[in-house]
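Asks: Give the three-dimensional model of this entry:
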Amino acid sequence: MQKLDNKTKIEALQLGAASNAEYDQMIKENKLGYDGYWTSTAVAYEKPGTPFGKTASFKSGSNTWTIAIPRKYQGKKNLVLLANISPEEVKPEGNVITLLPKKIIVKKMPEKNGWYVPDEIGFPSGKESNSGDENARRLWRMDEGHVGLLSRGYGFGCGRRDVYAYLRGDDRLGVMISNTGTSGKIGCENCKRLEKENTDLRERLAKIKDIVEAAEG
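Replies: I've put the predicted structure just below:
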């Protein structure tokens, strides 16, 4: 896996970020640092007791994120839609970001933050648990509902098992990407381009530091 820093939510998707399940495995194997990371796993849910309509939308920072709700789930309450989004499944148009997943997973959405047994992709949607259960994950959600990406990796100890389902789109976090481009050619190409930009920026900052130190000396 290759790490890139300081990326927005949309950049994470365009780069082909690792999925929530992949981050979860890295945490189990103690291969993930303590920074925050965007995943490529999208999440959509409404306020507790509020049924899904034809679409779910959420204004996240300067953008509005939206996703279509399959007909059989329209009118249903207390559910969460989850989907691993590839670079080809996100469509930015102006300030509207539309998610177009080919496959979704629908689970019951817990109505409050807390420890729960995770599902097959590492989302805490099962029965209530506690921090003493090493397999449990702690959910952080918004009361009013949300459409966006899951994020992982914050904090030490139990905090590393937290799953954040509420961070806004303008927040900048790290991104883990497979060196082989597991999310597709687009992600791999963008990864190389942005890594070169990061390297160039670090070199320019180093030169500026040398000039400042010489001037002060």
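Asks: can you pull out the strands in this structure?
Replies: All strands of the chain, identified by DSSP state E, fall at 2-7, 37-46, 55-60, 63-68, 79-84, 90-93, 96-99, 105-108, 114-118, 124-128, 137-140, 145-152, 162-164, 173-177.
Asks: hey, what's residue 146 bridged with?
Replies: residue 45 (DSSP bridges).
Asks: Can you report how many residues lie near it?
Replies: Counted with other CB atoms under 10 Å, the neighbours of residue 146 add up to 22. All C-beta spots, glycine's among them, are computed from the backbone N, C-alpha and C.
Asks: State the distance from it to residue 123.
Replies: Using CB to CB, to the nearest Å, we find residue 146 at a distance of 13 Å from residue 123.
Asks: Now for those two: what residues contact both?
Replies: In terms of CB atoms under 8 Å, 6 or more residues apart in numbering, residue 146 and residue 123 are both contacted by the residues residue 43.
Asks: circling back to that earlier point, mind giving me CSV with the strands of the chain and columns for distance to residue 216?
Replies: Listed next are the strands of the chain as CSV, based on distance: least, CB to CB, whole Å:
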stretch, distance to residue 216
strand 2-7, 27
strand 37-46, 37
strand 55-60, 42
strand 63-68, 42
strand 79-84, 50
strand 90-93, 44
strand 96-99, 45
strand 105-108, 56
strand 114-118, 51
strand 124-128, 51
strand 137-140, 44
strand 145-152, 39
strand 162-164, 41
strand 173-177, 32
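Asks: Out of those strands, the one nearest residue 199 is which?
Replies: strand 2-7 (11.1 Å; CB to CB).
Asks: That closest one pairs with which strands, and in what direction?
Replies: When DSSP bridges is applied, strand 2-7 pairs with strand 173-177 (antiparallel).
Asks: mind listing what the nearest residue to residue 123 once chain neighbours are set aside touches?
Replies: Leaving aside its sequence neighbours, residue 123 sits nearest to residue 82 (CB to CB, 6 or more residues apart in numbering; 5.7 Å). The contact partners of residue 82, taken as CB under 8 Å, 6+ apart, are 20, 41-43, 104-107, 121, 123.
Asks: same question, residue 74
Replies: Contacts of residue 74 by CB under 8 Å, 6+ apart are 51-54.
Asks: distance of it from residue 81?
Replies: 11 Å.
Asks: before we move on, what about residue 92?
Replies: Taken as CB to CB, the span from residue 92 to residue 81 is 20 Å.
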